[in-house]
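Undergrad: Here is the input, now give the coordinates:
(2 chains)
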Amino acid sequence: MTTLESTAIGEDEIAAFRALHARLGDAVETAVRGKREVVDLVLVSLFAGGHVLLEDVPGTGKTTLARAVAGALGGVSRRVQFTPDLLPSDVTGTSVFDPQSAEVRFRPGPVFANVVLADEINRAAAKTQSALLEVMEEHTVTVDGVGHVVPAPFLVVATQNPIDLDGTYRLPEAQLDRFMIRVSIGYPDAEHELDVLRPGSGAGRVAGVPTVSNPHEVASFGERLGTLHVADPILRYIGELGTATREDSRLRLGASTRGLRALVRCVQVHAAARGRHFVVPGDVQELAVPVLAHRLVLTREALLAGTTTEEVLAEVLSSVAVPRPEAR
Amino acid sequence: MRIAWGASVLLVASVHLGAGWQGVLPRLVFAGAVLVAFACLPLVRWAKVSALVLLGFALVGAYAVARTDEAAPASVLLDLVPRLLTAARPAPATPTLLVPGVLLVFLVALAVAVARSSFAPALGAAVLYTATALLTAGRADPHGVVALALVLLVALGWLVVDRIEAGRRLPLGRPAAVLGVLGAVTLSATVLPSAGAFEPRELVRPPVSDMAVTSPLPRLAFWAGIGDTELLRVRGPERPLRLVALADYTGATWRAASLYGPIGAVADPDLPPGARVSESTIEVTVGALGGTWLPAVGRPSAVSLDGAAVDTDSGSLVLPGELTPGLRYDVTGSTDTPDDADLLTATVPTGPAARRYVTLPGLPFSLAEYARKAVAGASTPYEKAVALEQVVRLDRKPDVEAPVGSSYARLETFLFGTTESGANAGTAEQFASAFAVLARSVGLPTRVVVGFQPVPEGPDGVRVIRGSDATAWPEVYFDRWGWVPFDPVSGTGSGPSPASKREVLDRLASIPPSPTTPPSAPPPLAQPAAPVALPPAPPAGGPPFVLLAVPLVPVLLLLALRTGHRVRLRRAGVAGAWSYVLDSLLLAGRTPRRDRAAPDIAHDIAGFAPSAVPLAAMADRSAFGPSAVVEPDAWRLAVEVRAGLRRVVPWYRRLFWSVDPRPLRRHHNRVTR
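TA: Below you'll find the predicted structure:
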């Protein structure tokens, strides 16, 4: 196993991964119509070992998407509905006294699953939010001095309503940084909306999503994809993008090194999903916004001017020279 | 923008510099040199060709043009400027003489192009303008129009270019102040008298060549013998034609000057021209004349033959090599034309400059005594000259058969002889020589001129000059009035009017041995021609092809650099092939945005260059994949993409496709980034 990890991922493995990725995508799409690119992003995050934040107005299919991914993946999936009175122990689990065996036993919370759906995460109090976010980062729940490891793969799909809606607590920047990808689903286009509205179409029915994989397969692919080749010019390009965000006058906070690392991890998976055993600049350009945008913090002036981090990032992307194959 | 401005400033200045040469060609050549220098800019900036290398090229080119067989390269190059300064003014447009101008313009333009300062064009224009002023002694721009235009152009550039390039308003104060100062300088330059202009030519001695030319004096008898042969044809005003003015008498013979320089050079004759001169231009067609002397009028100031050389003191023109029948040229010269009244009280110079014209080595006593007696009673130099003319003419007859020679012995026979051959008879040679020797002995600066008498115009406006028209006459120099011809053969000639001479002779009535007989007929006096200022004729000989080839040098250089670039790309495999595609995109005017990755670019041009898509995939795989890829098809695909791009670009882009330096610049920028 150790020797296998040290060798780069081969082209046959890439082909197998590509097939798996396509299967998962197709399976999820039976429930979520016309949002293949969003599905792909969620899957990238799944294989990259990161977590997804789905941000959109209510009713666009956030929960359906998360449950469909869980269904297609197999394994254990749990759902936590975040409310203002939700306690940290409701998320992580707690120690209870078992009268039969007369001992204190750990009762795992809903985070002990392969796919955890944290619904409307910004409606809970900060304390509860941070309990979840800690598990996301550490993959461990510590109760009474004993660490309990969550299963692998471990994917948290959090959904949140836009911050300006009533009854929400905004997630602090440091915690937003723990999500690998933030993506908004958006309304479906007219054709797909018709499809969804048509009675008996199966859209939105999570129960009908076929299970096409298992957590073990996903976890091993996730590890193997970490060895996919990323050429130096690509890494340099990613570094330049990060520097450009840090130097942009409209941003109070640029991309963190953790954010750039996440980007590297994501482009590896993305390239493999496209059947390539190497990363091209196009992968970086495609993933930069979903991976980095939520980690950037606008200055007060830019915020008041109505600028969004996505716009800033798009401008940064167009201003940094992309590496091209060129003779020296 | 800045470059275009600098180029236009220098274009104006360089075209102005062309005023120092004859014709329009130099202006075009200089303008071309400016353009070539600016065209070399990409080589300096992007191809890292050092400006010194270009300078070396320019010098080698200059040497190739100005090369002479015997001189070392260094001396050829060092001689360029002196050669120009000693050439005629305006200089003939020969390659050798154009080279210093082209070099100067090229260097200045290159320096201006390379230096990005906004003061560089002003400085360059000032250098060129100063060079023009020095070369033409300030005559090229007498009213300062060009200077004003340059100042305005420079000021306009300062006001506009900077603002456009900086994208912001500049304070108007600084350019306005500079403009004001320059304007004041220009204005004062136009108002101040331009007399006493600095003349760089005075610092250089005109090169003189020692030419073994023989005096044509003895040929007079020969020409008289072939009296009907047509020697030359002349078109123009009726003037005596001069072959040579002989100033040096050895006692045995008259010797012609042997040192000749280019015509129009600045050196003044040893005795200055008179106050009244008339200029005339004639067109000469040589017939059976032969020899090396070029017939001319007066002191020649311009001649349409490139090789003609002049002895400034005597105004004699020679053409190295033999005159060939059919040779045709225009010659402009000025003749002293004093009024009769001017001469009556005129004095003659006695200083060292005139000593040459009164030298008589070993003068026999008899001749001196004869002259002294002849001028007894004459009080002014003019009276002496008229008296001597009378004395030499009287009782002596022209005889074409008489022995030739102008030694003291021959002159004694001519003047005092009784029976021997040649006594009291001679050709114009003896008459003129006798007058000159006698006049010199009484202190009149005198020389002997060999030439042709004016002949009446034929029906077609051509004067045909035959052997019998060849003659010689003496000339006496008077202060303020210049050289005045006398005619001891007939007393007529083109000098002072016979009436004036008769008046003098009447006053000196007691001096001549016998009463004078008035001239038989009123002489055909020449009407002074109106001063004519004909533009110099275009230079003879082939156009300086070498100079026209100079602009080709950067083009060939660019072609070579581009070819080398392509070979390098081809060797670099897939990445090189993609570089080639990017070069082609640049040349086609479709430079992709900097954030467009290879597949995006390929997608954009897939419509007319479908080969780009597989090539982009190959290139990405090669550049970003874990191991090197060998793709034998890559270069073929790149060439196909290039062909596809070429099909959709306008013709002018295709024209410069192979020599456009921008791919070199792109490569340079990428490497240095």
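
Undergrad: Going by residue numbers, what spans are strands in the stretch 151-300 of chain B?
TA: B:209-210, B:230-235, B:241-246, B:248-249, B:254-255, B:259-262, B:277-286, B:293-294, B:299-303 (DSSP state E, counting those that start in this stretch).

Undergrad: meant to ask about chain A
TA: A:52-55, A:77-81, A:93-98, A:103-108, A:115-119, A:140-143, A:146-149, A:155-160, A:181-183, A:251-253, A:297-298 (DSSP state E).

Undergrad: which one of these is the most hemmed in?
TA: Greatest average neighbour count among these goes to strand A:155-160 (a mean of 27), per mean count of other Cβ atoms under 10 Å in any protein chain shown. Every residue, glycine included, has its C-beta placed from N, CA and C.

Undergrad: which strands and helices sit next to that strand?
TA: For strand A:155-160, the packing partners by 3 or more Cβ pairs under 8 Å, 6 or more residues apart in numbering or on different chains; DSSP states H and E come out as helix A:36-48, strand A:52-55, helix A:62-73, strand A:115-119, helix A:126-138.

Undergrad: and that strand, what's its mean pLDDT?
TA: The pLDDT scores in strand A:155-160 average 86.

Undergrad: Just the residues contacting that strand, thanks.
TA: A:42, A:45-46, A:51-56, A:62-63, A:65-66, A:69-70, A:111, A:114-122, A:132, A:135-136, A:168, A:171, A:179 (Cβ atoms under 8 Å, 6 or more residues apart in numbering or on different chains).

Undergrad: what's near enough to touch the spatially most central residue of chain A?
TA: Nearest to the geometric centre of chain A sits residue A:52, at 2.4 Å (Cα atoms, centre = their mean). Listed by Cβ under 8 Å, 6+ apart, the contact set of residue A:52 reads A:41-42, A:45-46, A:66, A:155-158, A:179-183.

Undergrad: Quick one, which of the helices and strands packed on strand A:155-160 gets closest to residue B:420.
TA: Shortest separation from residue B:420 across these is recorded for helix A:36-48, at 130.9 Å, computed as Cβ to Cβ.

Undergrad: so what does that closest one touch, helix or strand wise?
TA: Checking 3+ Cβ pairs under 8 Å, 6+ apart, helix A:36-48 ends up next to helix A:11-29, strand A:52-55, helix A:62-73, strand A:155-160, strand A:181-183, helix A:215-225, helix A:257-273, helix A:281-292.

Undergrad: Could you single out the most deeply buried of these?
TA: Taking mean count of other Cβ under 10 Å, strand A:155-160 is the most buried of the helices and strands packed on helix A:36-48, at a mean of 27.

Undergrad: okay, now the residue of the stretch 451-600 of chain B found nearest chain A: neighbour count?
TA: Closest residue of the stretch 451-600 of chain B to chain A, Cβ to the nearest Cβ: residue B:572 (3.3 Å). A count of nearby residues for residue B:572, using other Cβ atoms under 10 Å in any protein chain shown, gives 19.

Undergrad: again with residue B:373
TA: 12.

Undergrad: same deal with the one 3 residues further on?
TA: Using other Cβ under 10 Å as the criterion, residue B:376 is surrounded by 12 other residues.

Undergrad: Residue numbers of chain A in contact with chain B?
TA: Contacts of chain A with chain B, taken as Cβ under 8 Å from any Cβ of the partner chain, map to A:8, A:229, A:231, A:233-234, A:276-282, A:285, A:317-328.

Undergrad: Swap in 10 Å and give it another go.
TA: A:8-9, A:228-234, A:237, A:271, A:276-285, A:314-328 (Cβ under 10 Å from any Cβ of the partner chain).

Undergrad: hmm, back to that, possible to save the strands of the stretch 151-300 of chain B as TSV with mean neighbour count and distance to residue A:188?
TA: Converted to TSV, the strands of the stretch 151-300 of chain B look like this (neighbours: other Cβ atoms under 10 Å in any protein chain shown; distance: least, Cβ to Cβ, whole Å):
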stretch	mean neighbour count	distance to residue A:188
strand B:209-210	10	99
strand B:230-235	20	100
strand B:241-246	26	108
strand B:248-249	22	115
strand B:254-255	20	115
strand B:259-262	20	93
strand B:277-286	20	97
strand B:293-294	25	102
strand B:299-303	23	93
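
Undergrad: OK, contacts around residue 293?
TA: You didn't pick a chain, so chain A it is. A:181-183, A:245, A:255, A:259, A:308-314 (Cβ atoms under 10 Å, 6 or more residues apart in numbering or on different chains).

Undergrad: that's the wrong chain, I meant chain B
TA: With Cβ under 10 Å, 6+ apart, residue B:293 has these contacts: B:213-216, B:219, B:242-244, B:256, B:316-319, B:323, B:450-451.

Undergrad: Spatially, which residue comes closest to the closest residue to chain B within the stretch 1-150 of chain A, not counting chain neighbours?
TA: Here the stretch 1-150 of chain A gets closest to chain B at one residue, residue A:8, 6.1 Å apart by Cβ to the nearest Cβ. Leaving aside its sequence neighbours, residue A:8 sits nearest to residue A:227 (Cβ to Cβ, 6 or more residues apart in numbering or on different chains; 4.9 Å).

Undergrad: quick one: stretch A:76-84 to chain centroid distance?
TA: 16 Å (Cα atoms, centre = their mean, to the nearest Å).

Undergrad: first to last residue in that stretch, what's the distance?
TA: With Cα to Cα, to the nearest Å as the measure, stretch A:76-84 spans 26 Å from end to end.

Undergrad: closest one to residue A:263 among the strands of the stretch 151-300 of chain B?
TA: Of all the strands of the stretch 151-300 of chain B, strand B:259-262 comes closest under Cβ to Cβ, at 79.1 Å.

Undergrad: Pairing partners for that closest one, with directions?
TA: Sheet partners assigned to strand B:259-262 using DSSP bridges are listed as strand B:209-210 (antiparallel), strand B:309-311 (antiparallel).
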